[in-house]
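1. Pasted the sequence and its predicted model underneath.
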Amino acid sequence: MKKETVANLSHLPDEVIELIRAALRGQRFVAAEEALQVERSLPAGHVEAALVMARRLGLGRVLDRQPSRERALCLAMIVQRVVGPGSKLAMSRAFAQSTLAAELGIEDADEDELYAALDWLLARQQRVEQTLARRHLAEGTLVLYDVSSSYFEGLSCPLAQLGYSRDGRRGTPQIVYGLLCDRRGCPVAVEVFEGSSHDDKTLPAQLEKLRNRFGLKSVIVVSDRGMVTRANLDLLRSSGEAAWITALKAPQVKKLVKEGALQLSLFDEHNLAEITSDDYPDERLVVCRNPLVAHERARKRDDLLAARLATQGDQRSVGAGEIEDGDVAERMIEQDEALRMARFDQALLTDVDRALAKMDAGTYGVSEESGAPIPVERLEAVPWARRTADEEDRGRGRA
């Protein structure tokens, strides 16, 4: 028998040699793209990243110790809120566009089941908050608290009432919600209030929660100046070792300057200083100068002065009586119109002067009716605004 070497395969990779051997034995091979057909492809990476983090945090056990469909639904809503926020209806549709529903076994969930799962979660809210408080809060720690609001569509919510709209949806019912966080801003507890509630009225419930439910007697509550009322400060003082960090309102700062407790010359060399005042015994007052706010106030003052000069110019034109000759009736109509415009300009001039005075007093941008801050967007459109847009609308309705 005569043998002949046709080719030397020893230099080929092992997997290629095996393919050649299998082909010589009669096996048939085809390209992968010819043998396989992709029927469906779902995004998975972002879902997996969020689920891994949720498992590391033990989020499922925070919601409930025992696995259940309701727990899976709530966990799915939390993860979906991270990867693609939307309404419950949008969430139920988004579950089919990623691997999230399959990972948690809720492929057939609809929006009604999601709402029902929220009712299930509400019954466990206090236990969830207790768990988070044990994790993130301790005696003597900083506790951050603030409120916000959202408009409400529908008629069945007893908490939805007319109130200040932070998102510009005037005339719609509002709900107010307060959020307690640890010093890093990690949420610990949330509570919903009637839409007509003022910010400061929500703080006592949080102090009671910290003291009685979470068992914390020594905390430092950090809140904005809207929370600081005499009643709330008295409540904080009566809470044993509770302390607070907040900001003074503009009239209080102006009084410190007038009495000499705050000397503006401090800011010639320092941007931060500590002062004392007999009006604030046993309290530390830390003052600072914000150059960005100073620049914005200067720009707004220039806008108001420009509006004032323009209004005065229009009034001089009307006072000159530059009315063309014509019949008596036409001249009377023109004079009435000129006088009407003059009265409007005089009212506008008064509003501009009032806005300039409020800027000097440190109360610019605050509603004269409710004391609520006037949104920046409204001040940009009407720098001399005295009330929020909602209050103006209610005033017209009463008129």
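-> Arrived safely, thanks for sending.
2. Where do the helices of the stretch 101-250 of the chain begin and end?
-> Ranges of helices within the stretch 101-250 of the chain are 111-122, 125-136, 203-208, 230-237, 250-259, based on DSSP state H, counting those that start in this stretch.
3. Check the offset of the second one from the chain's centre.
-> The reference is to helix 125-136. From the chain centre to the centre of helix 125-136 is a distance of 23 Å (CA atoms, centre = their mean, to the nearest Å).
4. Kindly report the same for stretch 159-176.
-> Per CA atoms, centre = their mean, the centroid offset for stretch 159-176 relative to its chain is 15 Å.
5. So in this structure, which strand runs the longest?
-> Scanning the chain for the strand with the most residues, using DSSP state E, yields strand 141-151.
6. could you say what helices and strands that one packs with?
-> Other helices and strands packing on strand 141-151, by 3 or more CB pairs under 8 Å, 6 or more residues apart in numbering; DSSP states H and E, are strand 174-181, strand 219-222. (Each C-beta comes from the backbone N, C-alpha and C, glycine too.)
7. coming back round to it: columns mean pLDDT on top of the helices of the stretch 101-250 of the chain, output as CSV?
-> CSV is the format used below for these (pLDDT from 0 to 100):
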stretch, mean pLDDT
helix 111-122, 94
helix 125-136, 94
helix 203-208, 88
helix 230-237, 80
helix 250-259, 81
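8. still on that earlier bit, can you list contacts of the longest strand of the chain?
-> 137, 163-167, 169, 172-183, 185, 188, 193, 195, 199, 202-203, 206, 210, 216, 219-224, 227, 245 (CB atoms under 8 Å, 6 or more residues apart in numbering).
9. Mark which of those are buried, thanks.
-> Listed as buried from the contacts of strand 141-151 are 137, 163-166, 172-182, 188, 193, 195, 199, 202-203, 206, 210, 216, 219-223, 227; burial here means 16 or more other CB atoms under 10 Å.
10. For the stretch 151-300 of the chain, which segments count as strands?
-> 174-181, 187-194, 219-222, 243-245, 272-275, 285-288 (DSSP state E, counting those that start in this stretch).
11. right, so of those, which gets closest to Leu379?
-> Of all the strands of the stretch 151-300 of the chain, strand 174-181 sits nearest to Leu379, with 21.2 Å by CB to CB.
12. Packing partners of that closest one?
-> strand 141-151, strand 187-194, helix 203-208.
13. Using PDB, list the CA coordinates for it.
-> Written as PDB, here are the backbone C-alpha positions of strand 174-181 (Å, rounded to 0.1, in the frame of the first residue of the first chain):
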ATOM      1  CA  GLN A 174     -52.600  69.300  44.700                       C
ATOM      2  CA  ILE A 175     -51.100  66.800  47.100                       C
ATOM      3  CA  VAL A 176     -48.200  67.700  49.300                       C
ATOM      4  CA  TYR A 177     -45.600  65.100  50.300                       C
ATOM      5  CA  GLY A 178     -42.800  65.400  52.800                       C
ATOM      6  CA  LEU A 179     -39.500  63.300  52.500                       C
ATOM      7  CA  LEU A 180     -37.200  62.500  55.400                       C
ATOM      8  CA  CYS A 181     -33.600  61.600  54.300                       C
END
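14. and the angle for that strand with strand 187-194?
-> 160 degrees (axes from the mean of the first three to the mean of the last three CA atoms, to 10 degrees).
15. For the stretch 251-399 of the chain, give me the ranges with low pLDDT.
-> Across the stretch 251-399 of the chain, the ranges flagged by pLDDT under 70 are 266, 268-270, 308, 310-348, 394-399.
16. How much space separates the residue nearest the centre of the chain from Gly226?
-> Closest to where the C-alpha atoms of the chain average out (CA atoms, centre = their mean) is Ser148, at 6.6 Å. According to CB to CB, to the nearest Å, Ser148 and Gly226 sit 12 Å apart.
17. Now the common contact residues for these two.
-> The contact sets of Ser148 and Gly226 do not overlap (CB under 8 Å, 6+ apart).
18. Pick out the shakiest of the strands of the stretch 151-300 of the chain, pLDDT-wise.
-> Within the strands of the stretch 151-300 of the chain, confidence is poorest for strand 272-275, with a mean of 79 (mean pLDDT).
19. That one pairs with which strands, parallel or anti?
-> Next to strand 272-275 in the sheet, as set by DSSP bridges, lie strand 285-288 (antiparallel).
20. Show me what counts as buried in the strand it pairs with.
-> By 16+ other CB under 10 Å, the buried positions in strand 285-288 come out as 285, 287.
21. Isn't Arg289 up against Ser265?
-> No: the pair Arg289 / Ser265 is not scored as a contact, 11.4 Å apart, by CB atoms under 8 Å.
22. Which segments of this structure make up each domain?
-> 45-122, 133-244, 248-289, 291-398 (automatic domain parsing).
23. Could I get the CA-only coordinates of stretch 46-63 as PDB?
-> Extracted C-alpha coordinates of stretch 46-63, given in PDB (Å, rounded to 0.1, in the frame of the first residue of the first chain):
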ATOM      1  CA  HIS A  46     -29.500  47.900  32.300                       C
ATOM      2  CA  VAL A  47     -32.100  45.600  33.900                       C
ATOM      3  CA  GLU A  48     -29.400  43.200  35.200                       C
ATOM      4  CA  ALA A  49     -27.300  46.100  36.600                       C
ATOM      5  CA  ALA A  50     -30.300  47.500  38.500                       C
ATOM      6  CA  LEU A  51     -31.400  44.000  39.800                       C
ATOM      7  CA  VAL A  52     -27.900  43.200  41.000                       C
ATOM      8  CA  MET A  53     -27.700  46.400  43.000                       C
ATOM      9  CA  ALA A  54     -31.200  45.800  44.400                       C
ATOM     10  CA  ARG A  55     -30.100  42.300  45.600                       C
ATOM     11  CA  ARG A  56     -26.900  43.700  47.100                       C
ATOM     12  CA  LEU A  57     -29.000  46.200  49.100                       C
ATOM     13  CA  GLY A  58     -31.400  43.500  50.100                       C
ATOM     14  CA  LEU A  59     -34.300  45.500  48.700                       C
ATOM     15  CA  GLY A  60     -36.600  42.600  48.400                       C
ATOM     16  CA  ARG A  61     -36.400  41.700  52.100                       C
ATOM     17  CA  VAL A  62     -36.900  45.400  53.000                       C
ATOM     18  CA  LEU A  63     -40.200  45.300  51.200                       C
END
